[in-house]
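Asker: Fold the following.
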Amino acid sequence: MLRAENISKSFVKNNKEFLALNNISFQLDNAEIYGLIGLNGAGKTTLLRLLSGIYNCTSGFISYEDIDIRAFNMANPYQISYLSSDTQVYQRLTIREYLSFFAKIKELPKMVFEERLKEYSSKLKLTQELNTLLEHTSTGTRQKAAFISAIINHPKYLFLDEPFANIDILMVDEMINTINALRDHGTSVIISSHNLYEIETIADKVIYLENGQIKLNSSIQELHKESEGQRLRNIILCKMKEAN
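Answerer: Okay, here's the model as predicted:
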């Protein structure tokens, strides 16, 4: 279980303090998928970077299984995985070399790596490009390779920031199936995306951020029940109009 308690994060911009997240709390249960949504600048990326340990909280507390995030990371290396929305791949490596590099960092046994490389490259249509330099591949191909690098070790906690950007609809479906399979084997996931159809398809629950605060935290099932079956897009648009 992940628990965020009264966390805030501020930055200094143009000699002024900017509060990106303002005293938010929630918990992510084991083997659960949360959709993280909100307008640009709402604080989604900042939250994912706090949860992954890239940023430290200005105030508040983040724990995994009742252990402080720093202690958890030290005791359970590579069990928290984060895919950035602006991931820069090592373009002078082939796809195979790139993924092998991450597998070695994450101490994945070679046999396990080869099995998962075969599985995921087949699912995401990368098998024929494994020996191609990343600089010679498409943006979508690089995104798929980055996605595999984040999941190759089957982390316990997975944070994905716009993972479906530049991906065609068939491969998005395969990525969703892959994420669901990871969840079925115990991985807890938070996905940030502007595509509410994808969030509605995959998420168990949704958090809607606005100006660094949580304005909605509910299960998809409850939202549908309360709104008499309306689509998530319509529900969120109504919330936005109410707020403004």
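Asker: switch to C-alpha atoms for all contacts and neighbour counts from now on
Answerer: Will do.
Asker: in what helix or strand does Tyr208 lie?
Answerer: Taking DSSP states H and E as the definition, Tyr208 sits inside strand 205-210.
Asker: buried stuff in the following helix or strand past that strand?
Answerer: For strand 205-210, the succeeding helix or strand toward the C-terminus, using DSSP H and E, is strand 213-219. In terms of neighbour count (16 or more other CA atoms under 10 Å), strand 213-219 has its buried residues at Gln213, Ile214, Asn217, Ser219.
Asker: hey, what's the last one bridged with?
Answerer: Taking DSSP bridges, one finds Lys205 as the beta-bridge partners of Ser219.
Asker: got the contact list for it?
Answerer: Taking CA atoms under 8 Å, 6 or more residues apart in numbering, we find Ser219 in contact with Asp204, Lys205, Val206.
Asker: Are any of those buried, and if so which?
Answerer: Buried members of the contacts of Ser219, scored by 16+ other CA under 10 Å, are Asp204, Lys205, Val206.
Asker: In TSV, list the residues you listed along with distance to Val172 and pLDDT.
Answerer: Output for those, formatted as TSV (distance: CA to CA, whole Å; pLDDT from 0 to 100):
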residue	distance to Val172	pLDDT
Asp204	18	96
Lys205	19	96
Val206	19	96
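Asker: got JSON lines for the residues you listed, with distance to Asn177 too?
Answerer: Listed next are the buried ones among the contacts of Ser219 as JSON lines, based on distance: CA to CA, whole Å:
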{"residue": "Asp204", "distance to Asn177": "14"}
{"residue": "Lys205", "distance to Asn177": "17"}
{"residue": "Val206", "distance to Asn177": "19"}
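Asker: three-state assignment of the residue most central in space within the chain?
Answerer: In the chain, the centroid-proximal residue (CA atoms, centre = their mean) is Leu160; its distance is 1.6 Å. Counting by DSSP: H, G, I helix; E, B strand; the rest coil, the backbone at Leu160 sits in strand.
Asker: How about the contacts made by it?
Answerer: By CA under 8 Å, 6+ apart, Leu160 lies in contact with Tyr82, Leu83, Ser84, Ser85, Val189, Ile190, Ile191, Ser192.
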